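>>> Provide a 3D model corresponding to the input given below.
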Amino acid sequence: MAIKIAGTEVISDSRGLNNIASVDATTVAALGTAGVGGGGGSFDMTATGSITAGKVVALNSNGTVSTVVNQAGDPATPLSQATNSAIKQLNLFPSHGVDNARQRVLVAYIDQNNSNHGTAVCGQIESNGSITWGTPLVWYSSAQVDCNMSVVYHENNNTYYIFHKNPSTGEPAVARIANTLGTTISLQNYYTNPGNHGGCSSEGYAGVYDPDQQRVVFVWYSTGASDGIVGTFDTSFSASTIFTSNDWSPYADMTYDTTNNKCVHLRQYNNISDARALVITVGASSVSVGSEVSTGAQGGEMPRCTFDPDSGKVILVGAYPGQATKTYYGMGTVSGTSSSWTNGVVNSTGMSDGSTAPYDITYDTGADKLVMSYRKDSNSAAVYMRIGTISGSSLTFGSEVETYSGGGVNYVRLDYLPSTGMSVMTGSKSDSTRLLASAVTTVVASTNPNWFGIADESISSGSAGKITHIGGINESVSGLTAGTTYYADKVGGLSATDTGYKVGRAISATKLLITEGNA
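Numbering: from 1, shown residues only. Take a look at the predicted model:
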C-alpha cells in the first residue's frame, strides 16, 4: 500500500520514492533509518575518467560513468573578458601564476610607464568570469628590467615566486610576493643568485609547483651553453643542482606529473627542430635530474606543456615557423627518472608561431579535455580557443571559438582553475599598451541529462567503484545543511543554488538522500 504524509504520496505501492524532496528532514531521516532508500542504494560501476568521492556522475552510452559536466555548448564559451587599460607594459613575456583556492591571478610584467620596472598586479576572478584588479606593486626598481619572467604560485604559503634575470648583476633572481588579503600584494623576499651558480641566460627558464614536496621548482641556464640549473624554493631557497645541457635553450616550459610526483621540463633544442624532456625529482632537501630525452616533436618557437591525469601523460604542443597551419604535439609517459614519447601533428589549426609566444595549453580536469588558447596567424587581432581530445596516441582538436577580439595579443598564458571550472588567459596587447585577461569556461556537450548518482568513493579511470543511485543515501559528501535541496553544479559538485539539475535532499552534513536522476 502506498504511504502518504500530509496527503502527499511519498512511497508508492512498489516502494518507489515520490515527492520526497518536499518531506521535512526529520521524516527523511526516519525513512532512511527504516531502510527505505537505504541498503541496496549503490553498486559497482566502471569509471571513464577519474572520479572523486562525492561527485555527481553521469551514465555513459557504454554503461560506464563519468563526472557530470553541467555545461552546454561546444567547444568553448567565454563568460567575460576583463581588461585593465591603465597598465602599460613592454612586450617581454608578461607571465602569471594562479591561486585556485581563492580564485586569484597574479601577473608579473615590465611597466613601460614606470622606467621599465618589474611590476606585478593581482586580480580577483569573480563568479561571473570578470576580473577585479588590485593596485600594481613595483618589486624591482634598481634598474630597467629587460628580460622574460616565470611566475609560480606556492599553494601552501599563499605566495607567488617571480623568476627573472637581475639586470644589474646578470644573475638569476627570484622575487617572493605575498598575498594575504584580497588583491593586496607585498614583496616578502628577493633572492639574487640562488645557489651561487653565476650568470643567467636571458631566456629559457621555467617553473612549476611540486605539491608533494610543497616546493616551487625553477630551471634556468647559465650564460654558457653547457650548464642547466634546477633550484627549489619554499619560504626560502631550498636546494639546487647542475645538469649538462649541451645547448643554450631560448624557450622552455614545465608541468607537474601528479601520477608519478615528478616535475617535467620541456625546452626548445637544436634551433627549434626538436623539443627535449627532462624529469626532475624533488626531495625535502634535495633535487635530482634524470637524463634528457628527445620527444621527437618539433618544439617550435615556444614549446608549451601540461599534464593529463586521466591518461597519465605529459602533453607538449608547439608551432613551427612557416608552418602556422600545423600544431606539433608530443605525448610523454614518465617512468622513473626518464620519459618516453610518441608524437604527431594536427593540421588546420592556424596557430601563430613566433617568439612572442602567442599560445598556451592547459588541462580541464572537470571536462577531461585539453584546452588550447592561441593567436591565429591569419588574424593577429584575436585570441581563439580549441578543445583537445586524447585517444590512444593521437590528439585531435574541435572547432575554434573566438574568446578575445580587442587587438593583437602576445605572450598568452593559460591555466585551469578546477574549483570553478574556469580557465584564465592573460597576455599583452601587441602594441604594448595594456595588460589583457579573460576568464573562460571550457564546455563540452552537457551530460546532465544522463546523470545517474553520486560516487561513494574515488575511482580511477577504468576501475570499478560504488555509485549511490536514486533512492540511496550517499555518505561521501560533506558541508551540507540538513533539509536543504541540492543540485549538480557545473563540475559535478553539489550546490544549494538551483542549477536546473536537482540531485536530492540533505539528511545531515554528511548524508544526502538522492531523490532524482535522469539516466
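
>>> who does the residue minimising distance to the centre of the chain bridge with?
For the chain, the residue nearest the mean C-alpha position is Y416 (2.9 Å; Cα atoms, centre = their mean). On the basis of DSSP bridges, Y416 is bridged to S423.

>>> Please tell me I have it right and it contacts A367.
No: judged on Cβ atoms under 8 Å, Y416 makes no contact with A367 at a distance of 9.5 Å. Bear in mind the C-beta positions are built from the backbone N, C-alpha and C, glycine included.

>>> confidence score at G398?
Per-residue pLDDT puts G398 at 77.

>>> and what of the one 5 residues further on?
As summarised for this prediction, T403 has a pLDDT of 74.

>>> my guess is S428 contacts R413, does it?
No: contact between S428 and R413 fails when scored by Cβ under 8 Å: they sit 10.1 Å apart.

>>> Between these two, tell me which one has more neighbours.
The neighbour comparison of S428 against R413 (other Cβ atoms under 10 Å) goes to S428, with 27 against 24.

>>> In contact with H154, which residues?
160-161, 209, 214, 216, 233-234 (Cβ atoms under 8 Å, 6 or more residues apart in numbering).

>>> try 6 Å
Contacts for H154 (Cβ atoms under 6 Å, 6 or more residues apart in numbering) come out as V216.

>>> buried residues in the strand or helix carrying G207?
Per DSSP states H and E, G207 falls inside strand 206-210. By neighbour count with 16 or more other Cβ atoms under 10 Å, strand 206-210 contains the buried residues 206-210.

>>> Partner strands of it, with direction?
strand 215-221 (antiparallel).

>>> Let me see the residues that make contact with the partner strand.
152, 154, 161, 163, 172, 200-201, 204-210, 228-234, 249, 263, 265, 282.

>>> could you pull out the helices for the chain?
With DSSP state H as the criterion, the chain has helices at 25-33.

>>> quick one: least confident helix or strand in it?
Within the chain, no helix or strand scores below strand 76-84, which has a mean of 45 by mean pLDDT, DSSP states H and E.

>>> next one: stretch 485-505 to chain centre, how far?
How far stretch 485-505 lies from its chain's middle: 23 Å, per Cα atoms, centre = their mean, to the nearest Å.

>>> tell me which residues of that stretch are tucked away?
For stretch 485-505, by 16+ other Cβ under 10 Å, it's 485-494, 499, 501-505.

>>> repeat for stretch 236-245
237-241, 243, 245.

>>> Identify the bridge partners of H164.
Beta bridges link H164 to M149, A173, judged by DSSP bridges.

>>> State the number of residues packed around it.
The burial count assigned to H164 is 28, neighbours taken as other Cβ under 10 Å.

>>> and stretch 475-486, C-alpha only, in PDB?
Coordinates of each C-alpha in stretch 475-486 appear next as PDB, following Å, rounded to 0.1, in the frame of the first residue of the first chain:
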ATOM      1  CA  GLU A 475      27.700   9.500   2.800                       C
ATOM      2  CA  SER A 476      30.800  10.700   0.800                       C
ATOM      3  CA  VAL A 477      29.500  14.300   0.900                       C
ATOM      4  CA  SER A 478      30.300  17.000   3.400                       C
ATOM      5  CA  GLY A 479      29.400  20.500   4.400                       C
ATOM      6  CA  LEU A 480      25.700  20.100   3.700                       C
ATOM      7  CA  THR A 481      22.700  21.700   5.600                       C
ATOM      8  CA  ALA A 482      20.100  19.200   6.700                       C
ATOM      9  CA  GLY A 483      16.700  19.700   5.000                       C
ATOM     10  CA  THR A 484      18.300  21.600   2.100                       C
ATOM     11  CA  THR A 485      17.800  20.500  -1.500                       C
ATOM     12  CA  TYR A 486      21.000  20.200  -3.600                       C
END
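
>>> Name the residues of it that come out as buried.
475-477, 480, 485-486.

>>> of all the residues you listed, which comes closest to G123?
Relative to G123, the closest of those is Y486; by Cβ to Cβ it sits at 30.6 Å.

>>> Serialize the buried residues of stretch 236-245 to CSV and add fields for pLDDT and distance to T295.
Formatted as CSV, the buried residues of stretch 236-245 follow (pLDDT from 0 to 100; distance: Cβ to Cβ, whole Å):
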residue, pLDDT, distance to T295
F237, 91, 30
S238, 90, 28
A239, 90, 27
S240, 91, 25
T241, 92, 22
F243, 87, 17
S245, 77, 16
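
>>> If anything else comes up later, I'll come back, but that's it for now.
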